[in-house]
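1. using only what follows, build the 3D model:
(chains A and B)
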Number of protein chains: 2
Amino acid sequence: MNTQSVLIVGTGLLGTSLALRLTDTWQVWLSDISPAAAALARDMGAGSLYDGKSVPDLVVVCAPPDVAGQCVVAAMRRYPSAVVTDVASVKQAVAKVVEEEAEDRTNYIGSHPMAGRERSGASAADRDLFEGCPWVLVPTKETSERALGLVRSVAVEVGAVPSQLSAPEHDQAVTLVSHVPQLVSSLLAGRLKDAPARAMSLAGQGLRDTTRIARSDAELWAAIVAHNSDAVAEVLEAFARDLAELRQGLAAGLPAGLSTPGRMGSVAKVMLAGNDGVERIPGKHGGAPRRYLEVSVLVPDKPGELGRLFTEIGEEQVNIEDFSLEHSAGAAAGVARLLVMPSVAQPLASALVRRGWQVPSAMNRGR
Amino acid sequence: MNTQSVLIVGTGLLGTSLALRLTDTWQVWLSDISPAAAALARDMGAGSLYDGKSVPDLVVVCAPPDVAGQCVVAAMRRYPSAVVTDVASVKQAVAKVVEEEAEDRTNYIGSHPMAGRERSGASAADRDLFEGCPWVLVPTKETSERALGLVRSVAVEVGAVPSQLSAPEHDQAVTLVSHVPQLVSSLLAGRLKDAPARAMSLAGQGLRDTTRIARSDAELWAAIVAHNSDAVAEVLEAFARDLAELRQGLAAGLPAGLSTPGRMGSVAKVMLAGNDGVERIPGKHGGAPRRYLEVSVLVPDKPGELGRLFTEIGEEQVNIEDFSLEHSAGAAAGVARLLVMPSVAQPLASALVRRGWQVPSAMNRGR
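-> Numbering: from 1, shown residues only, chains lettered A, B, ... in the order given. Okay, the predicted model is just below:
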């Protein structure tokens, strides 16, 4: 079999990342509405500029959601033999354009590689961007087995984990796990705009974690949410209802404290629902949440200390399931939190103490 | 000078952690309304059970906010010569009880060590819990220099970073950086309670980060928020106003897409405000946000690989400012994101490539 060819339409973060990875085994052609963007991707080693004549086996439309549908239809008309997919974060809106405007729809399959970062553009591209990420395949009723199989093979080739959903299922799912968390994180971070500096100096890891994705690109997200606004509005309505109930419980104007009936209860209700909800997020290895144990180690803030720690963990033949480093302003040391399988937690803690590390006395259930 | 003595009232997470650390240099006495809890702390090496007779130099009330004020007043009456402080997360409510009920208030100073974790109780205690954390000193108008100095020295001794605020300033500051983020994270996680499993399987790092603190203790947070409800209600009111404006922009019932005026704009407004807000969170070393560059490295999911990575980084004499590990369901490798000073990013990336690591082509501005 000859080398297959792929035309990447749109050389932003996703398109260029995909192209970088596929150049190993595919003939990759690059095109973008901005010739400069396509040239940048080429110069990064992501393939060659499209000659405008060759016929690709596969077209991947990596354009924003507001134009993805039109780009897909144009590609289907121009290359009737090619499989055409897109990577937009909303799938019903794209499928609708295809259904209304394309004649033969067997070669189209929607897809959504759930990779990204707070930065955008070809310069942020990463050939390993898709490594381990979910890649949702979204066939229509008319999608051929050939189209489904080809895009699935691309997903596997770039290291992603393919799954399959209908377009409505997809849009509903990403509303809950992606679109609404993005908006809520941004709303929360927005409240910090005018916060006094003395408040910001008390910021800890909790605030950092809850607002990390508030750095995301405003224009891209506006297009994503606008194309999934019904589903987003529905979840935000429920969120607003919970918020209103909490605010009513807090009942501004009454004296603070426990004397006000319902105040404790309204907060506890929100907290307990949150406890339940967060338990539903699967762990690192997918499937049901797995319980790891946490071992905390004090790590001096100087070169080589993390290296020494991980070398010694490696010498103990222990696999770290998850890791985080906590530190605060002005500290001379950070606390490394290591999550490991329960069976190795105690031996690891003992070994680290023996090797001279400061390991807090208690081990706790980790995420 | 003789060894100073401290009475810890309440041997939960904070009290026991503090006691564990202070046993190096202080005579530590432990008491708790639950004799079993005090005995557990003693058995963890946190000090000796209080004999009911000795007079301490310092009393630290580590009780929940709903009883902290009464405990402080009781201690002040019983030990008129002792400095008395508390570690509750709300300060006006405690100060009010002291002002109303204590006779001589010069020995009282409020404090708030901003340390904690998603777990509670003596069994989760950690002698390094305060390492690098902010410790807010909250004197009243009557607090003596002796009381202020003694508690400041304790904060420094346990590795915390002391600062000073009035009680209203403190309560307003923690509302923005702690109480409201906690409630918003819990409200968001609460929406996942009834999410379809297919949605949860698409959960990524963004959702994990925004909901991590939703695991926190419901009862403790109910007491904290109930005692700061006016300030929390005020910020939640502004949050709800922003949310209502967004929901109005999304205008349920109208067709999705760009044809609806204002839809893109309402989302972009929320995103841009979030971009601005998150920029105000100080970096690791405090003060103004510092810009690090990010170097990403693919790390195979097996023992010793993180060790090898950090050893080699140590050999290059590079200090890692921040670190995170990203991975997804079923992945054979994670992506380590290293944040370093801009001057060393390019040399580090080159060195890692030379040593055979997979390092994505682009480097990005990190947090």
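2. which outside residues touch stretch A:231-251?
-> Applying C-beta atoms under 8 Å, 6 or more residues apart in numbering or on different chains, the set of residues contacting stretch A:231-251 from outside is A:171-172, A:175-176, A:179-180, A:183-184, A:225, A:260, A:262-263, A:265-267, A:269-270, A:273, B:183, B:187-188, B:190-191, B:225, B:229, B:232-233, B:236-237, B:239-240, B:243-244, B:246-247, B:250-252. C-beta: built from backbone N, CA, C; applies to glycine.
3. gap between it and the chain center?
-> In terms of C-alpha atoms, centre = their mean, to the nearest Å, the centre of stretch A:231-251 is found 25 Å from the chain centre.
4. list the buried residues of that stretch.
-> By neighbour count on 16 or more other C-beta atoms under 10 Å in any protein chain shown, the buried set for stretch A:231-251 is A:231-233, A:235-236, A:239-240, A:242-243, A:246-247, A:249-251.
5. low-confidence stretches in chain A?
-> A:1-2, A:118, A:252-261, A:283-292, A:326-334, A:360-367 (pLDDT under 70).
6. and the longest helix belonging to it, how far out from the chain's middle?
-> Using DSSP state H to define each element, chain A has its longest helix at helix A:229-250. The chain centre lies 24 Å from the centre of helix A:229-250; the measure is C-alpha atoms, centre = their mean.
7. what are the phi and psi values at A:L338?
-> phi -100, psi 130 (degrees, to the nearest 10).
8. where do the strands sit along chain A?
-> A:5-9, A:27-31, A:48-49, A:58-61, A:83-86, A:108-113, A:134-139, A:161-164, A:293-300, A:322-326, A:333-340, A:364-365 (DSSP state E).
9. same list (those) but as TSV, adding mean neighbour count.
-> Below are the strands of chain A laid out as TSV (neighbours: other C-beta atoms under 10 Å in any protein chain shown):
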stretch	mean neighbour count
strand A:5-9	25
strand A:27-31	22
strand A:48-49	14
strand A:58-61	26
strand A:83-86	28
strand A:108-113	27
strand A:134-139	24
strand A:161-164	18
strand A:293-300	22
strand A:322-326	19
strand A:333-340	22
strand A:364-365	16
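10. so A:N275 sits against B:E219, correct?
-> No: the criterion here is C-beta atoms under 8 Å, and A:N275 misses it with B:E219 at 11.1 Å.
11. so those two - more neighbours on which side?
-> Shown here are A:N275 and B:E219; by other C-beta atoms under 10 Å in any protein chain shown, A:N275 has more neighbours (19 against 15).
12. around chain B, pick out the residues from the stretch 1-150 of chain A.
-> With C-beta under 8 Å from any C-beta of the partner chain as the criterion, the stretch 1-150 of chain A meets chain B at residues A:20, A:44-45, A:66, A:93, A:114, A:117, A:119, A:123-129, A:131-134, A:136.
13. switch the cut-off to 7 Å
-> Within the stretch 1-150 of chain A, the residues that sit near chain B (C-beta under 7 Å from any C-beta of the partner chain) are A:20, A:44, A:66, A:93, A:114, A:119, A:123-128, A:131-134, A:136.
14. for B:V55, find the nearest of the strands of chain A.
-> Comparison of the strands of chain A against B:V55 by C-beta to C-beta identifies strand A:293-300 as nearest, at 34.1 Å.
15. what helices and strands are in contact with that closest one?
-> Counting contacts by 3 or more C-beta pairs under 7 Å, 6 or more residues apart in numbering or on different chains; DSSP states H and E, strand A:293-300 packs against helix A:305-315, strand A:333-340, helix A:342-354.
16. between the ones you listed, which gets nearest to B:S144?
-> strand A:333-340 (32.6 Å).
17. so how far is the closest one from its chain's centroid?
-> On C-alpha atoms, centre = their mean, the centre of strand A:333-340 falls 24 Å from the chain's centre.
18. before we move on, what about stretch A:22-37?
-> From the chain centre to the centre of stretch A:22-37 is a distance of 23 Å (C-alpha atoms, centre = their mean).
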